[in-house]
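K.L.:
compute the structure for the input listed below.
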Amino acid sequence: MNLKLKNTLIILATLFLGIVIGFLINGRLSQMRIDSMRENFTQKGMDYSFMRALDPTPSQMENIRPILDKYNDIRMENLETHWKQQKEILDAFESEIKPYLTDQQIKKLNSLKQNYKNRQYNFKKHKRKNGSNRRGQNRN
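P.N.:
Numbers count the residues shown, from 1 in each chain. Have a look, this model is predicted:
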């Protein structure tokens, strides 16, 4: 092999390796951001955010804990209400549009609904000590 071909192959291999590594790193960083956003919809996520920002003393924690619990419950009730309203809106949309669709379009609509249900995240009220093994679990 001559020197030009060898140098060209090395440059192409390095470029390819850089693209692959960049792709993998970008995917992992995106997943970490999504996980972080997902945690904010749980009681532990709210607790962790405020505890990290405020860094309360143990004596302050005695006073802060009931307040956090109260507002966590309010937030979760609001989210559940929102999700129920969204489901009602989509159900009304579906019932209103179905008479105008063909059988094939109805199958596609049902397929879209199934894909949407499979992607929905299962945000439920988490009690302390029952969460997943994620970052910041034992900080409270």
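K.L.:
for stretch 49-59, measure first residue to last.
P.N.:
Criterion CA to CA, to the nearest Å; first-to-last residue distance in stretch 49-59 is 19 Å.
K.L.:
residues of that stretch that come out buried?
P.N.:
F50, M51 (16 or more other CB atoms under 10 Å). Heads up, the C-betas are built off the backbone N, CA and C, glycines and all.
K.L.:
do stretch 101-118 as well
P.N.:
For stretch 101-118, using 16+ other CB under 10 Å, no residue counts as buried.
K.L.:
need the residues that contact it.
P.N.:
E94, I97, K98 (CB atoms under 8 Å, 6 or more residues apart in numbering).
K.L.:
and the helix or strand where L79 lies, average pLDDT?
P.N.:
In the assignment (DSSP states H and E), L79 maps to helix 58-97. The average pLDDT within helix 58-97 is 90.
K.L.:
centre of the chain to it, how far?
P.N.:
16 Å (CA atoms, centre = their mean, to the nearest Å).
K.L.:
cool, and stretch 97-106?
P.N.:
On CA atoms, centre = their mean, the centre of stretch 97-106 falls 32 Å from that of its chain.
K.L.:
end to end, how far does that stretch reach?
P.N.:
End-to-end for stretch 97-106, by CA to CA: 10 Å.
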